[in-house]
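Visitor: no FASTA, just this:
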């Protein structure tokens, strides 16, 4: 048996022990999860090592049900004493919490019956010396690319492997190993009196699939230089093009509004909008939780329910909410297998690349950075700090900073071009 | 032995079978050529939270976090390893891993000797059992009822109650041994009001380093219920916020988020040591209007952002950051202080044993000025009056910062008129501070809700200020 299989077996035993202990203490149902993660994080700056961190994070959590009363507890300690104490704490709460008719595990019939291997585990076996070399090469490429790059926040490389196991009193128990490797770099550029900072990064389940360090460094420098000479623009109404990496934020707000927890609290600007048009026809938003090596892939959700590819929006129409068992019951609906959220969400391309989109917009603001929280999930009111580039005749004219963009997500969604 | 060290011993070291000689031995691994400093940070924390929603006590959860982090510092370099197993051989292994940062080695000897200070800013208690479970449930129900009673339009109420007990012990190679027992409690009320198909939210809350009776005193908990409801009802009447640059009057207390974002982060020692902050190299220069004096003060008794000692064992202090508009100092942990050839200011903090220490804020606020708040509002022809905010964010290199209003009004011809919807305000730190033209006489600190994030680490903080006027800030409204 390989080392990782051995460790997974040990975590599985721990989950089984947590469930047994919960039963011993009188719980009518229970679910437990254990995770163990270890790795290396290192940072370099101005050509030298700055930090080397050996990380090791463990956690166990249990939720118990006494009929419809619920209690939870968690601990960073995986020792046998911690198991008993954690279960006891969870059971104690259940004496005081109220009967909640929607509380409880997901339906037994929905438990995943097979656990596909999603090819998530790729330990890198990187030596500290090699890791330092890569991070240094990344920062060096950024600093060397232009004399206007005057300072650096450094480059960071991190490599982690983790294991997680989940089980419940329906008899479901499943787990998997996964790895995560990343390299990032942030530098500072100067023009006249003002300084600007930007970054770039690469992230993958496999060390070999990361972008080359020099490429990451050069991109960080390019993005930093592009901000120099930024100015404000006058207050006005204008079209806004969200660059792909910040457009993700809009998706996040949208998902937040169709999440069960917001819907049953009537705290969503998309309340009662199922099966209605919320975007123009060309919009298709879907998730792919079973994507091999996907960064958010998982074979089962946080309740042991098998995940599956599904549409949230197709032809611009809202087809499904994002529900777990609890919120589904509150809404009189069924779980959408999204306990723990969405996984590998994707909004399909409309066909045009960035150049094409700029030409189509003609005149407006290309947004490359958003700041602050400013999104009201209840009303859809949207007001955030922004930076980017002013566009005229389909071409970037100059960098823009210290502006806000405001509107309402309901209208912004329908006005998507 | 001091009482705090005794408590830390009982809770952390003894149960793990660790004694003073073990500490000495571990520290002995951390001395050697090229090593400027090293420490071992032990932590044992308990956190309990309760949530009441839809009139029922929906959830209760308990969390335990325990472990030790070992740091070795050499110049600008830090080696770091941590473990949740308080087991001597494991800790020794972590110590060796951390020490590898210097490629040097050899071990030396360390004897712990320093006499720690005994100033008290909060009682060394565990606040979690200060109310029985039944009393906690009763408190949640009373707060829920109070919020709903404010108005029939209040439809949704969520009340959350959190209590935390952190015990820490720091042993360092400079021979110091320090401990702290840190209680922290907090209550939050969130409501949604509905009228004619329109829904708006409001929230309010507070806490302190005290036991849970704090929430019962002066009817504080009920006061949060009232304020959350009031905020939601005001927002039901809100019209579009204006858009563009205009004078902004900020209310006292939590709007001090302005200072936290505009100057706070930019004055943290690590950014200034690296030269990446908009305030780097500007000590002695005018960075704000002369009516502004801003301090970071970790010594305020009982406050959420206060600490008797920081997470390196340095006693907290009151640090003057900006005095009458002149930049006087930065906030330092030991490493950055050493590299900048200055003294640590008691601002070395970390989220847990599993995180590195960084310069962080404690309670950051502006001293009061001379103006009655009414006069400040009356001085504005057309602008915004903002009394509550969500959070903010800053880019310390360009100085750009934002913070988002959650309760604000128009000012027209010197009078507060219509409530307006939430909008994000944006500005440039040093510029915005020089545009402060009136500072009120009504200094308030926030009610104990601040969470500051930096490099993925959260720590509790406080903010505060009197009513003040910024002559120009950009308001991100739609109107």
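Guide: Yep, that arrived. Just so it is clear, the structure is predicted and the values come from calculations on it, not from any experiment. Numbering: from 1, shown residues only, chains lettered A, B, ... in the order given.
Visitor: report how many residues lie close to residue B:284.
Guide: By the measure other Cβ atoms under 10 Å in any protein chain shown, the count of residues near residue B:284 is 9. For every residue, glycine as well, the C-beta is placed using N, CA and C.
Visitor: okay but it is in contact with residue B:329, surely?
Guide: No. Using Cβ atoms under 8 Å, residue B:284 is not in contact with residue B:329; the gap is 10.3 Å.
Visitor: who touches both of these two?
Guide: With contacts taken as Cβ atoms under 8 Å, 6 or more residues apart in numbering or on different chains, residue B:284 and residue B:329 have no neighbour in common.
Visitor: which residues touch residue A:294?
Guide: A:118, A:120, A:205, A:288, A:343-344.
Visitor: if any of the residues you listed are buried, put those into a ChimeraX selection.
Guide: Isolation of the buried members of those (16 or more other Cβ atoms under 10 Å in any protein chain shown) is achieved in ChimeraX through the command below:
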select /A:118,120,205,288,343,344
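Visitor: now, which of the contacts of residue A:294 sits nearest chain B?
Guide: residue A:205 (20.4 Å; Cβ to the nearest Cβ).
Visitor: hmm, back to that, give me the subset of the contacts of residue A:294 that also touch chain B.
Guide: Among the contacts of residue A:294, not one lies near chain B by Cβ under 8 Å from any Cβ of the partner chain.
Visitor: can the helix or strand residue A:385 falls within be found next to chain B?
Guide: Residue A:385 belongs to strand A:381-392 when assigned by DSSP states H and E. Yes. Strand A:381-392 is in contact with chain B by Cβ under 8 Å from any Cβ, via A:381, A:383-385, A:387.
Visitor: possible to save those as CSV with neighbour count?
Guide: Converted to CSV, the residues of strand A:381-392 next to chain B look like this (neighbours: other Cβ atoms under 10 Å in any protein chain shown):
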residue, neighbour count
A:381, 25
A:383, 29
A:384, 27
A:385, 29
A:387, 24
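Visitor: would you check which pair of the residues you listed lies furthest apart?
Guide: The span of the residues of strand A:381-392 next to chain B, defined through Cβ to Cβ, is set by A:381 and A:387 at 20.9 Å.
Visitor: got the contact list for the residue in chain B that chain A sits nearest to?
Guide: Residue nearest to chain A within chain B: residue B:476 (2.7 Å; Cβ to the nearest Cβ). When contacts are counted by Cβ under 8 Å, 6+ apart, residue B:476 is found next to A:374, A:383-385, A:404-406, B:241, B:243, B:423-426.
Visitor: could you rerun that using 6 Å?
Guide: A:383, A:404, A:406, B:423-424 (Cβ atoms under 6 Å, 6 or more residues apart in numbering or on different chains).
Visitor: leaving out sequence neighbours, find the closest residue to it.
Guide: Nearest non-adjacent residue to residue B:476, counting by Cβ to Cβ, 6 or more residues apart in numbering or on different chains: residue A:404, 2.7 Å away.
Visitor: so what's the residue in chain A positioned nearest to chain B bridging to?
Guide: The nearest approach of chain A to chain B comes at residue A:404, 2.7 Å away (Cβ to the nearest Cβ). As for beta bridges, residue A:404 partners with residue A:385 under DSSP bridges.
Visitor: brilliant, that's me finished.
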